[in-house]
Every structure is written in C-alpha cells, then in structure tokens.
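> give the three-dimensional model of this entry:
(2 chains)
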Amino acid sequence: MKFALVGNPNSGKTTLFNSLTGATAHVGNWPGVTVDKREGTYKKLKENISIVDLPGIYSLSPYTPEEVVSRNFIIDEKPDCVINIVDATNLERNLYLTTQLLEIDVPIIIALNMMDSVKKSGDEIDTKELAKNLAIPVCEISALKGDGIKELMEKAYEVAQTKRAGTTVLVHSDLGNLVKVTAEKLNDKQVSSPLFHAIKLIEEDSIEVSMHQDVLTEIEPLRATYTKNEFDGDFEGMVADARYKYITMHFNKIIKKANRNSNETTSDKIDKVLTHKIWGIPIFIVLMFIVFHLVFSEDLLFLNSLFGLEIRNSGWINFFTGMGYDGILEEAILNGEDAVLAGIPSLGVFLQSWMGWLTGSIIDLVRGWFANGGVDETWYAGLICDGLLTGIDSIFSFLPQILLLFLFISILEDSGYMARVAFIMDRAFRKFGLSGKAFIPLLMGFGCSVPAMMATKTLEDEKERDMTIRLAPFFSCGAKAPIWAMLATVVAGSFLGDIFVFSIYLLGIVIAILSALIIKAFSKKKDVPPFIMELPAYHMPQFKNLVAHLWEKLKHFLYKASTIITAAIILIWFLSNFEWAFWRGMVDDISESILADLGHVLQYVFYPLGWSMGSEGWKYTVASITGLIAKEDVVATMSQLGLEEGTIALSNAQIYAFAAYNLFTLPCFAAVATAKGESTKKGFLVTILWWLLASYVVSMVIYWIGYSFELFWWLGLIVVIILISLIIGLGFIVANKRKNKQEKRVA
Amino acid sequence: MTKMLNEMKPSESGTVKKIISEGKIKRRLYDMGVTPGASIIVKKLAPLGDPIEITIRGYELTLRKSEAECVEMEVNE
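Okay, the predicted model is just below:
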C-alpha cells in the first residue's frame, strides 16, 4: 500500500515523515524537476506501507513545480490514502489546501498536528465537528512528541480499504451549479476525479484547459453568466474566495479562542528584535560571523589575538584541540622544540584536524603494507596511495567543515530565521534578479561552495537556484585562500600582499554582481518570481530533523565522492604520473607526464591571458588543471614543478590574471558534482559555460590592463577609461532596449 | 478610505476589496488567503523599506511593495 503525505510548508510534515519512516527514508528527485522526492516505509501495521512525502504546498495550482508534482502524483499514481497534515495553530490557511484535496476521488484523512500547542494556549478545536463538516476522519497528533501517530496510521489503513468520491465545498456557493454541470460533462467523458478537474477547468487552469478544451467551450455560455460580480469574470478569484468563505463560516464553530492578555506571542517578541528596523541587519551579520567563526576560525573567540593565549604541547590539550595531529606537534618534537598553538581552534578546524589525522593515518598504514610487501614502487601502489587515497583525503579533510556549516544553516532554516533573512535582504538583491534568500548560499560560498550549493534548495524558483549556484564559486572559498596567500608573497613589493588578497575577494564579488546583471539582461523570461512568502512562527529546531537532513546530504556527497569525483581524481593521477607510452611504467617527474604535454598544448589556449606565456607557462596550466581535484592542489602542484617564492617569474599583471583565472574557472570536482545535482539540466550546462567564459574573459582583461600599465602608466589609464565607457555604454543600450520594450508592451 | 496595500503604514489595518493583477502573482495572493473580505494588519516594513509584513488569517505573510500594489484595501479608520 502506498500513502502520500500532503500539507503546507512548516506544518510539521517532515517531522511526521521522519518519525513514520525512520531509517528507511531515502531521497530522490521527481522526474524533470529539481524537487526532492522522499520515500520510506512504515512497518508497524499488518502490511508494510510505502510513504511518499510530497513537497510542502499551499495549493494545487499549476504555477510551481512543487504544486504540479504533488497534483500529478495524487491524480496519476492514485495513492491508497492521502494523509493531509494540517497545522492546528494555523487552521484557516491550512484548510484551504484541504478543500482542494477533497475534490479528488481518493481516500483522505486529516492529521491535525500541533494540537499540543493549541491546548497549551488555551484554545479549543472541535475535532468532531471538523470531521463532520469535511466528511473525512480527523486525527489529533503531535508529530514532535510522537503522540497519536499510531492511531493515525491505523485509521488511515482502515480508510485506505474504502473508496471515496470527491466532494467540494463549492456546492454551497454561487458556483455550485456551474461546478455540477461541468463535472457531469467530464464524468461523461470518463474522466476520473471529475469534480477536481471541473473546478480547475472553470478556473482556466493551464493544465486542464489543454486537456479539456471542448468542455470549456461547452460551458462558456454558463460561465458567462458569472461575470457580473466584484471579480469581473475572474474565476480563479471566485473559487478561492468561495473556499475561504466556506472555511471562515465553519471556522467559528470549530475553534474557540481563549482570552489572552496580550496579542503578542513569543514569536512576535523574537521577531521584534531580529527584524528590527536598525538592528535587523547588524544582528544578521553578527550571526553569520559567529557561524563562520565556529566553522573556520583557528583562534576561537580571538583568545590569542586579544589575550595572547598560547598552548604548549601538553598532551591532552593538544588532543582536545585536535592540533596534536596536525603535524605541528610531531615536527616540534622532532626538532626538540615546544609545539606552540596560538589560541584554541574552532569546532570546524578541530574536526578538520581530526579528519586529516584519520585519513593521513589510513594512507600511512596502506603505504606501510605496500612497503612491507616490497611493492611500494609499483603502479598500483601509486594508484591507491597517491591517486585514490590522497585525492579522497583532500576532499574528506573539508567534509567536517562542509557538514558543520550546513548544519548551522539548517538550524537557521529550521528555526524560521531564514525566512526573515530573505525579508531583511530582499530589497538589496532584487536588482540582480535574485531574492533575499539567495544571500545565505552566496555568503556560504566564502566558506565552501559545496554546502553553499546544497543550501540553494531553500530557493523556490528554479532559475534563481541555477543562478545562485553559478555565482557561488565566485565568492572565494577557503580552499582557494592558499593560492592567494602564495601569490601574495610573489607580488612585487610584498607590503601589497594584503591589498592583493583583499582585491581578489572584492573582484569575486564584483564579477558575481556583473554576471548576475548580464545573465538577467540576456534571459528571455523577464518576470521576477513572486515574493509572497509565509513568515513561519519561530520554533526550536528539531534535532531529529537536523540529523536526518545532514545524513541525507552526507549520503549524497559520499555517493558523488565515490563515483564522479573519484573517477576524475584517478584520471588526473594517471595523466600526471604516466607518459604517453604508459605501459613503460610511471614517470619520475611530473614534467615528463602526459599532463605536462597537455599543459604544453593548452598553454597556447591561455596565451592571451598572459600567465601561460614563456617556457614555464605550461606549469601554470598544469597547476590549474590539478586544482580541479581541490583548489589548494594548485599550490601543491606549483611547488612540485619548482614554482615557489623566488622562482616564479611572472609580472604582477600575469600573477593577477592567473589568480583571477583560478578564482572564476571550474571549481573543484566536488563542487561541480554538487552543482550538477542541484541545478536543472540546462542550467548546469549554462553554468559550466559561464565559469569557463568568465574565467577566460576576466583573466584576459586583467592581464591586458595590467600589461598596458606596465608599459606606460598613461596607456593603462586610457585602456581603463575605454573599458569603463564600453561597459557603461553597453549598460545604456540594454537599459534603453528594455525601456522600449516596456513602452511597447504598455502601448 | 480606499488605499492600495503598499500605501498603508505599519499598524494600520483594513479589509481586502479587490486584487488587481494577473497570473502567478494573483493566484499566489489568493492561495495565501489574500481574498476579498480578508482583514489585514500591516505589521512592519523590512529594514530597507521593502518588503512589508502583514498579518492575515492568523499568520504572518511578507510580500514586496510591487506585489502589495495589486491589493486594493478598505482601510479601517
């Protein structure tokens, strides 16, 4: 048997799903859209029940992929029972969806959730009256505490054995006759759930109109008699109005509100602070800073910077700070010195060190086995140790921080704060074709692109999601920082180092904004997705939900890591360790490898970007390619090829262009794989192309500006002025075109 | 007094008279309970002045001013 869970967002649907299915839950995608499909099994009845968690929706209209997916599932796949989860604290709006579900010929049961908080507030809901009104069973539950769930499932099982014909609350309204006539016509056409289709057809729902054009024409004369009211023939409005009128009319009988001293709830009080006119934005910035601090800081609470806290190598402190395994301790002991740790590392850094120790130990162990067997020089030992394990190590060392960052964001999301962030930041982001919600993923990009891209799931609009994923790597991530740090030492006049690094971060943001504007100007669909959004009441995040959510993402990431990412790593290992005649065995030096040859060829592709010119240009090309495994590998490869401070012979312009190229080009494989999983198919292709294009163009422009400055300062100035006027000119042309179009539309 | 929703000030309240819009936005407003006769209290503006937050049918809803422009209100005196 198959049951479907349907309900509004924030109605506790996920909590109910998690407690019903437990460890059996798994996530997939609905075909064709990037909407999560959660499925699991409930095992506490006579037979196992497969549970499908439909996305949270407010209505069965045809406007969002979530709504279409839910609608098609209920109508086409005909679940044995629909469990409609209704938030009892928000009955009026939740029942709106229920009135639509009732119209489908499918057994339905209502799970009236959060009854505990209703009772706590002193309100009373007459469940029996509600069930009588809607003519379907209603079960009181608390998904959070697990109350009433067994009874709900037993009742649902009972209901699933029966058949149910659709009913509608519209029979009591002016539209009653029209609905009846239309449903009869559809019934004659052998349409199942005629009532549902009839009402959608009356609303001129795009999906229905394409299916039953003939019936629509037949009822046209009857429909025409309904135009003389305040809706001027807007049937969508009439139907929605009739539904809400019915709900409000019966609502008063069902619910008894307790007298309260003040209308202000706890949620209101929290909201007053968090979305305060002046303090709202600073509080948000501080909160985000705390999150980043806890994940990435090596000096927790700035104990070292502020108070000069240092930890010397006393066993347990090193153990608990995780730093003992970071090589610092061992190296110091070897040198007979004290290991000094500046401050205490944050949780994220601590976990990262531990993970590094774990993976490092495993590699050492395996290496030891091969050495004992005397086969450590063979290609397969190299494949396993240097290719596979080292590659996976470079990804896994980031895993704790990725997950921790994602966990914190999930907490913000689950508590209801994320909706407020969108509310606070929306104004600033709208200009770029994004909504306020896109801010969090983009900000997370500074930490790591992988959780940033995962966090785009909270964006409703697919296009906005694609765009946010596209821009996320432009916010320079933690793994790219070593590249900037190394290049900063080489930039002439090392006192410019910090300005150099700062300008790289700034460049990323500027190019991200420009990208958003350019893509927006070229996209065909101009309409901004509506930002009409519920601000759910604040509540404590549910530990169970967080763990389930994190586990889901971890599973997904591990799957990617074990397939596409590993394959890519092995390929690059092979290219950098073998010559074309690979049967002759591994090469001693990467400069003899296939990758070096590829570098020599690709060097010419990057010639216009400056940094690949000259006899050493291929090395930078190769370093950029190995950077696809993990961005800090750019530095590792460069030093392998003998490029370090003192041996890098690039001009400042070339260095800057090289940095820009690595900032904007394809991110690491882990991020590319995540982007693929979270974007639409077409969006992903555009994203890849955009990354390649942006890196090439920006790097080239920077090189030529820098180069002309290096020739003569006035030449550089002229080039910059020409470029700026070009950009402004283009902006004007685009703006004018749009204005003309708008005027045409108005005319 | 008749006003558009985007012109209403925080703590003003009123009743929805009419939705003047098309397609996605109109449908979304209806689905969220912004239908003629529904009473609305404007709670606050976002720190940057837009969007706005309202209370409708017992819950908090936020929408942009450009969307609130489509909602004709009868403001309570």
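> so which elements touch the least confident helix or strand in chain B by mean pLDDT?
Ranked by mean pLDDT, DSSP states H and E, the weakest helix or strand in chain B is helix B:23-31, scoring a mean of 90. Here helix B:23-31 touches helix A:235-254, strand B:13-19, going by 3 or more CB pairs under 8 Å, 6 or more residues apart in numbering or on different chains; DSSP states H and E. From N, CA and C alone the C-beta is placed, and that goes for glycine too.
> run through chain A and note the low-pLDDT ranges.
Applying pLDDT under 70 to chain A flags the ranges A:260-263, A:312-340, A:492-495, A:524-527, A:742, A:744-747.
> which helix of it spans the most residues?
With secondary structure taken from DSSP state H, chain A has its longest helix at helix A:713-746.
> show me what counts as buried in that one.
Buried residues in helix A:713-746, counted by 16 or more other CB atoms under 10 Å in any protein chain shown: A:716, A:719.
> quick check, stretch A:48-67 touching chain B?
Yes - Stretch A:48-67 is in contact with chain B by CB under 8 Å from any CB of the partner chain, via A:58-59, A:61, A:63.
> closest one of those residues to A:Leu514?
Among those, A:Tyr63 lies closest to A:Leu514 (CB to CB), at 30.8 Å.
> alpha carbons only: can I get the host helix or strand of A:Arg93 in PDB?
Assigned by DSSP states H and E, A:Arg93 belongs to helix A:91-101. Output of helix A:91-101 as PDB, limited to C-alpha atoms (Å, rounded to 0.1, in the frame of the first residue of the first chain):
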ATOM      1  CA  LEU A  91      -6.200  26.200  10.700                       C
ATOM      2  CA  GLU A  92      -7.700  28.700   8.300                       C
ATOM      3  CA  ARG A  93      -5.000  28.800   5.700                       C
ATOM      4  CA  ASN A  94      -4.100  25.100   6.000                       C
ATOM      5  CA  LEU A  95      -7.700  24.000   5.300                       C
ATOM      6  CA  TYR A  96      -7.600  25.900   2.000                       C
ATOM      7  CA  LEU A  97      -5.400  23.100   0.600                       C
ATOM      8  CA  THR A  98      -7.700  20.500   2.200                       C
ATOM      9  CA  THR A  99     -10.700  21.900   0.400                       C
ATOM     10  CA  GLN A 100      -8.900  21.300  -2.900                       C
ATOM     11  CA  LEU A 101      -7.700  17.800  -1.900                       C
END
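> got the contact list for A:Trp691?
A:470, A:473, A:664-667 (CB atoms under 8 Å, 6 or more residues apart in numbering or on different chains).
> pretty sure it is in a helix, no?
Yes - assessed by DSSP: H, G, I helix; E, B strand; the rest coil, A:Trp691 belongs to a helix.
> and it, how far from chain B?
Using CB to the nearest CB, to the nearest Å, one obtains 31 Å as the distance from A:Trp691 to chain B.
> ditto for A:Leu152
24 Å.
> how close does that residue get to A:Lys145?
13 Å (CB to CB, to the nearest Å).
> just A:Asn177 next, same as before
Distance from A:Asn177 to A:Lys145, counting by CB to CB: 46 Å.
> before we move on, back to that, now the buried members of the residues of stretch A:48-67 next to chain B.
Buried by 16+ other CB under 10 Å: A:58-59, A:61, A:63, out of the residues of stretch A:48-67 next to chain B.
> closest to chain B among these?
Closest approach between those and chain B, by CB to the nearest CB: A:Ser59, at 3.9 Å.
> now do the contacts for A:Cys477.
Neighbour list for A:Cys477: A:445-449, A:631, A:667 [criterion: CB under 8 Å, 6+ apart].
> out of those, who's near chain B?
Okay, of those, nothing touches chain B (CB under 8 Å from any CB).
> which one (most neighbours) among the residues you listed?
A:Ser449 (30 neighbours; other CB atoms under 10 Å in any protein chain shown).
> distance check, it against A:Ser651.
In terms of CB to CB, A:Ser449 sits 30 Å off from A:Ser651.
> how distant is stretch B:8-17 from the center of its chain?
7 Å (CA atoms, centre = their mean, to the nearest Å).
> could you give the average pLDDT over that stretch?
Taken as a whole, stretch B:8-17 carries a mean pLDDT of 94.
> the strands in chain B, which residues?
B:2-4, B:13-19, B:39-45, B:52-56, B:59-63, B:71-75 (DSSP state E).
> picking that back up, hmm, who's touching the least confident helix or strand of chain B?
A:58-59, A:61, A:63, A:96, A:234, A:236-237, A:240-241, A:527, A:529-530, A:532, B:19, B:21, B:63, B:67, B:70-71.
> can I get the CA coordinates of it in PDB?
Extracted in PDB, the C-alpha atoms of helix B:23-31 (Å, rounded to 0.1, in the frame of the first residue of the first chain):
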ATOM      1  CA  GLY B  23      -1.300  35.100 -13.500                       C
ATOM      2  CA  LYS B  24       1.200  33.900 -10.900                       C
ATOM      3  CA  ILE B  25       1.000  36.800  -8.500                       C
ATOM      4  CA  LYS B  26      -2.700  36.900  -8.400                       C
ATOM      5  CA  ARG B  27      -3.000  33.200  -7.900                       C
ATOM      6  CA  ARG B  28      -0.400  33.200  -5.200                       C
ATOM      7  CA  LEU B  29      -2.100  36.000  -3.300                       C
ATOM      8  CA  TYR B  30      -5.400  34.100  -3.400                       C
ATOM      9  CA  ASP B  31      -3.800  30.900  -2.300                       C
END
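> got the buried residues for that helix?
So helix B:23-31, judged by 16+ other CB under 10 Å, has buried residues B:24-31.
> so how far is stretch A:694-709 off the chain centroid?
32 Å.
> if we can go back for a sec, give me the subset of the residues of stretch A:48-67 next to chain B lying in strands.
Among the residues of stretch A:48-67 next to chain B, no member falls in strands (DSSP E).
> just curious, which of those is nearest to A:Val547?
The shortest approach to A:Val547 among those belongs to A:Tyr58, at 27.6 Å (CB to CB).
> can you list phi and psi of the residue nearest to A:Lys619 when sequence neighbours are not counted for me?
Counting by CB to CB, 6 or more residues apart in numbering or on different chains, A:Leu641 is the residue found nearest to A:Lys619 once chain neighbours are left out, at 4.4 Å. Main-chain dihedrals, A:Leu641, degrees, to the nearest 10: phi -90, psi 10.
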